[in-house]
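>>> Take this sequence and fold it.
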Amino acid sequence: MANNFPRSPPSGIKVIVVGAGFAGLAAAIECDRKGHSVTLFDKVDNIDEITRIGDIISFDPNGSKAFERWPGVVDQMEAIARQTTWLDLYHHEGKFVTRQSFAHEKKWGRRINGHRGQLHSIIYKHAVARGIDFQLGKRVEDYFETDSPPQAGVVVNGQRISADVVIAAEGVRSRGRKIVLGFDENPKSSGYAVYRAWFPADRIRNNPVIKHLVENGDTHQGFIGPDIHFLASSIKNGTEVNWVFTHIDDGNIEESWQFPGKPEEALKYLDGWCPVVHELVKSTPEGRLIDHKLVYRDPLPTFISPKQRTALIGDSAHPFLPTSIQGASQSIEDGVVLATCLELSGREDIPRALRAYEKLRYERVHKAQAMGPKTRERWHKADWNQVWKKPEMIHLVREPWLLSFDAEKDAYERFWQVVKEGDEERAKLRSRL
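Numbering: from 1, shown residues only. Take a look at the predicted model:
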């Protein structure tokens with residue numbers, strides 16, 4: 001284990017994390033910070049496989065607070081992040097509607113918007129530097145829990161590997177959901193999919209229709225139309241370009257949920273849209289466009305297993321739509337809170353820690369989750385007669401309760417309160433039986 005990072009004294013708690021995405025890495029780093037012993041399993045042999053085809057990802061101030069506690073991480077992220085404090089919104093036919101400023105949010109913390117793969121790499125390298133035990137190329141086949149001794153574990157290549165607690169962070173198709181729910185459950189189509197692309201700005205620098213997007217540094221704009229919103233930005237001082245748009249998906253969820261897209265197919269959804277949008281799509285090089293299904297799951301009744309030794313975090317627990325702009329930040333918060341609860345509860349009462357984690361996260365995360373469909377509907381079903389009179393109607397909702405939140409501080413302050421509330425609720429339930 002590396003010793004050059006601040007961490008709490010050893011807790012004696014052995015943690016298995018499944019999944020090396022943002023949620024899993026955050027949980028592993030936070031557990032290490034708080035003195036727990038961590039082993040992380042992921043099926044990929046090379047970590048770059050997780051995000052080798054990247055697009056834009058956003059961390060709001062509530063998510064980036066964790067990065068500031070990981071030495072060197074947030075400064076590296078900001079160095080490659082988009083340097084804008086606004087979003088320009090247009091009607092899909094090209095007329096400018098409104099500019100939404102985010103400058104006032106600086107008082108809440110840092111907004112990090114950048115290439116998914118590059119930001120992931122920074123966090124992964126920090127985790128490696130901390131000495132976290134990565135077991136790559138190890139597919140978790142199943143989860144289990146035992147009463148004697150009280151443990152949780154995973155099955156890898158037919159071998160049972162035990163720990164005090166298991167954190168399932170595999171994403172929306174997590175095998176960990178079965179041990180929590182007690183049955184297999186298939187994801188559903190949300191009815192929407194996202195085309196997403198990222199490529200060098202040289203592709204558009206000489207195009208008179210869209211060169212303005214990269215000539216003067218970073219930009220950020222959105223185009224709003226019937227049942228589609230198209231977001232585009234330039235980054236790294238206008239040297240790279242990315243765009244994404246949400247469209248109705250009539251495909252079967254059993255099909256590949258992430259596969260190469262073709263610009264000519266994407267353009268079929270954009271009939272009647274402005275030249276800027278068309279030229280961006282047509283400029284996308286081969287192999288740089290992905291069509292990604294937005295997978296939906298019903299809200300879970302719980303994030304923890306019946307024996308309270310396995311916990312779901314991130315998309316394993318609560319998939320977010322991109323229009324919430326909170327999925328990544330909430331996954332970071334999950335890892336922070338769970339690691340903190342384990343620290344405060346101690347090895348002698350792991351179930352108490354997991355119950356507190358769920359209590360601290362459940363209401364907040366579902367309230368944040370609900371913002372995704374609301375924003376999508378505000379854009380996709382916009383009443384333009386009203387929008388032209390009041391353009392701020394299509395601004396993103398940016399609220400202090402969500403963005404100024406410090407998950408670690410909240411967990412330290414409220415842990416024993418929610419433990420007490422949970423004990424009282426269970427006592428009342430037992431008295432009724």
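
>>> Poorly predicted segments of this protein, please.
Counting by pLDDT under 70, the chain shows low-confidence ranges at 1-3, 49-54, 250-258, 296, 433.

>>> so where's the longest strand in it?
Counting residues, the longest strand in the chain under DSSP state E turns out to be strand 188-200.

>>> What residues of that one count as buried?
Neighbour-count burial for strand 188-200 flags 189-190, 192-199 (criterion: 16 or more other CB atoms under 10 Å). From N, CA and C alone the C-beta is placed, and that goes for glycine too.

>>> What of stretch 417-424?
Using 16+ other CB under 10 Å as the burial criterion, the residues of stretch 417-424 that qualify are 418-419.

>>> ok so, going back, helices and strands around the longest strand of the chain, which ones?
In terms of contacts (3 or more CB pairs under 8 Å, 6 or more residues apart in numbering; DSSP states H and E), strand 188-200 is packed against strand 240-248, strand 289-296.

>>> Could you dump those strands into CSV and include mean neighbour count?
Supplementary listing: the helices and strands packed on strand 188-200 in CSV, determined by neighbours: other CB atoms under 10 Å:
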stretch, mean neighbour count
strand 240-248, 22
strand 289-296, 20
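
>>> ok so, going back, now, which of the buried residues of strand 188-200 sits nearest Ala311?
Ser190 (24.5 Å; CB to CB).

>>> Looks like that closest one contacts Leu321 (just checking).
Yes. A contact is recorded between Ser190 and Leu321 when judged using CB atoms under 8 Å, the distance being 7.0 Å.

>>> what sits in contact with each of the two?
Contact criterion CB atoms under 8 Å, 6 or more residues apart in numbering; residues bridging Ser190 and Leu321 by contacting each: Leu294.

>>> which residues touch the closest residue in space to Ala20 that isn't next to it in sequence?
Among residues not flanking Ala20 along the chain, Asp42 sits closest, at 3.9 Å (CB to CB, 6 or more residues apart in numbering). Applying CB under 8 Å, 6+ apart, one finds that Asp42 lies in contact with 18-20, 24, 50, 134-136, 138.

>>> hmm, try it at 7 Å
Under the criterion of CB atoms under 7 Å, 6 or more residues apart in numbering, the neighbours of Asp42 are 19-20, 136.

>>> how about Glu399, phi and psi?
Note on Glu399: backbone dihedrals following degrees, to the nearest 10 are phi -110, psi 140.

>>> actually Val166, sorry about that
When quoted as degrees, to the nearest 10, the phi and psi of Val166 stand at phi -120, psi 130.

>>> most centrally placed residue in the chain?
Computing the C-alpha centroid of the chain and ranking residues by CA atoms, centre = their mean puts Ala328 first, at 2.1 Å.

>>> and the helix or strand hosting that residue, how far from the chain's centre?
When elements are assigned from DSSP states H and E, Ala328 belongs to helix 327-345. Relative to its chain's centre, helix 327-345 lies at 13 Å (CA atoms, centre = their mean, to the nearest Å).

>>> Same question for stretch 181-198.
Relative to the mean C-alpha coordinate of its chain, stretch 181-198 is positioned 14 Å out (CA atoms, centre = their mean).

>>> Looking at the helices and strands packed on strand 188-200, spot the one closest to Ala163.
Distances from Ala163 to each of the helices and strands packed on strand 188-200 were compared by CB to CB, and the smallest falls on strand 289-296, at 28.3 Å.

>>> Show me what that closest one is packed against.
Taking 3 or more CB pairs under 7 Å, 6 or more residues apart in numbering; DSSP states H and E as the contact definition, the neighbouring helices and strands of strand 289-296 are strand 188-200, strand 258-260.
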